[in-house]
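# would you be able to build a 3D model of this:
(one chain, ligands or ions: 1)
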Amino acid sequence: MVGTGLRIGVFGGTFDPVHLGHLEVAEEVRRALGLDRMLLVVANEPWQKQDRPVTPAEDRFAMVAAGLADHPGLEASRLELDRGGPSYTVDTVRELAALEPAAEVFVVVGADVAGTLDTWKEAGTLRALVTVAVVDRPGAEGVDPPPGWRVVRVPVEPVDVSSTGLRSRLEAGEPVTDAVPDAVIRCIAERGLYARG
Ligand code: ATP
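Sure, this is the predicted structure:
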């Protein structure tokens, strides 16, 4: 039955906050690969970001949901929030496979994280289950996953923005309208996120 099911994109992230780089990647990968569903999967507890405090998961999910209001082809996914605990892509893919057994799953990553795939939980299992869609990111162009992964590279318009840079700007009270959708900025204000001091 391989190839007869839905083509599903899994774009996982901390989205702290979601920005135009994320949205460009999600839209472009969905279009280029002809995906039936493109999920932005908000990490509940991102195990890769334990070196800093992370904004509560429900606030990060609300920002993603607000940011996707104008993107009918993209879905904000609660899978990792509802599962609770640390968020591992292999568990998310297994959950999707149980819901959609014939689906073909594409895990979307920026080139800055492509090289780390072998360190992910149950990397061998994940490698057998998915194709990795790699996009370049300014400052990390051309990095490939380690050998053994099924890979498709998707060209995207470079968007030189990171959540880290945006958190600094927001904490300094600087505008971020060039890099964050208006609906997300409203969500940040309503929830009092990234406020100074
Ligand atoms: P932080 O600065 O806090 O580390 P981030 O901007 O990297 O955050 P994440 O939510 O950690 O955002 O990223 C989720 C995924 O999106 C990763 O695969 C990352 O490589 C990719 N990504 C993030 N920003 C971009 C961008 N500007 N261009 C291409 N890929 C991106």
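
# give me the next element, helix or strand, following the helix or strand bottoming out on mean pLDDT in the chain.
Counting by mean pLDDT, DSSP states H and E, the weakest-scoring helix or strand in the chain turns out to be strand 45-46, with a mean of 92. Heading C-terminal from strand 45-46, the first helix or strand you meet, by DSSP states H and E, is helix 57-67.

# picking up where we left off before, excluding its own residues, what touches the least confident helix or strand of the chain? List them.
Identification of contacts with strand 45-46 by CB atoms under 8 Å, 6 or more residues apart in numbering yields 14, 54, 57, 85-87. The C-beta positions use only the backbone N, C-alpha and C, and glycine is treated the same way.

# neighbour-wise, which one of these leads?
In terms of neighbour count, Ser87 stands highest of the contacts of strand 45-46 at 23 neighbours, by other CB atoms under 10 Å.

# and the strand or helix carrying Glu190, does that touch the ligand?
Assigned by DSSP H and E, Glu190 belongs to helix 182-191. No. Using CB under 6 Å from any ligand atom, helix 182-191 stays clear of the ligand, coming no nearer than 13.0 Å.

# list the contacts of the residue of the chain found nearest the ligand.
As assessed by CB to the nearest ligand atom, the ligand sits closest to Gly110 within the chain, at 2.0 Å. Taking CB under 8 Å, 6+ apart, we find Gly110 in contact with 25, 134-137, 140.
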